[in-house]
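> Make a model of this:
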Amino acid sequence: MISVYIAGDSEGTRSVIGDGLIGLGCQVVAEADNEDAVNGYNQFTPDITFLDLAMPGMKDMQILKKIKEINPDAYVVCFDSFSDKKQALNAMMSGARYVVPIIIKFENIFLQTKSIFAS
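Residues are numbered from 1 along each chain as shown. Alright, predicted model coming up:
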């Protein structure tokens with residue numbers, strides 16, 4: 001079973017992503033608070049993490065950077081409504097494997113998860 005960690009401040013986004021991944025057979029844990037996001041990641045050690053880069057309370061990519069400090073091999077997919085490509089590139093340079101604009105269909109997130117672990 002694939003373990004998935006979702007860190008994002010929007011309950012709706014966490015719920016939609018989480019419910020879809022549970023439907024795929026994933027074990028899902030979700031956190032809303034930025035401090036809990038880092039602590040929760042450390043306790044859960046998931047196969048894949050979906051991280052909202054627009055969580056309040058931490059600047060820029062601090063949560064991503066803290067997760068990568070805990071586990072340099074962490075598989076992190078970031079999501080946000082990026083207004084420019086510079087922020088998306090910044091996330092990739094900080095260790096995100098993928099950057100998914102939240103304005104896309106959630107089905108693409110589920111398909112991405114399936115493809116990551118298909119091999």
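
> Next, the contact list for the residue most central in space within the chain, please.
By CA atoms, centre = their mean, the mean C-alpha position of the chain lies nearest to F50, the distance being 1.3 Å. Taking CB atoms under 8 Å, 6 or more residues apart in numbering, we find F50 in contact with V4, Y5, I6, A7, G8, I17, V76, V77, C78, F79, I109. No exception for glycine: its C-beta is placed from N, CA and C like everyone else's.

> what do you get if the cut-off is 7 Å, keeping everything else the same?
V4, I6, I17, V77, F79 (CB atoms under 7 Å, 6 or more residues apart in numbering).

> Save those residues as CSV, and put in secondary structure, distance to P56 and neighbour count too.
Converted to CSV, those look like this (DSSP: H, G, I helix; E, B strand; the rest coil; distance: CB to CB, whole Å; neighbours: other CB atoms under 10 Å):
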residue, secondary structure, distance to P56, neighbour count
V4, strand, 23, 24
I6, strand, 16, 27
I17, helix, 19, 24
V77, strand, 20, 20
F79, strand, 16, 25
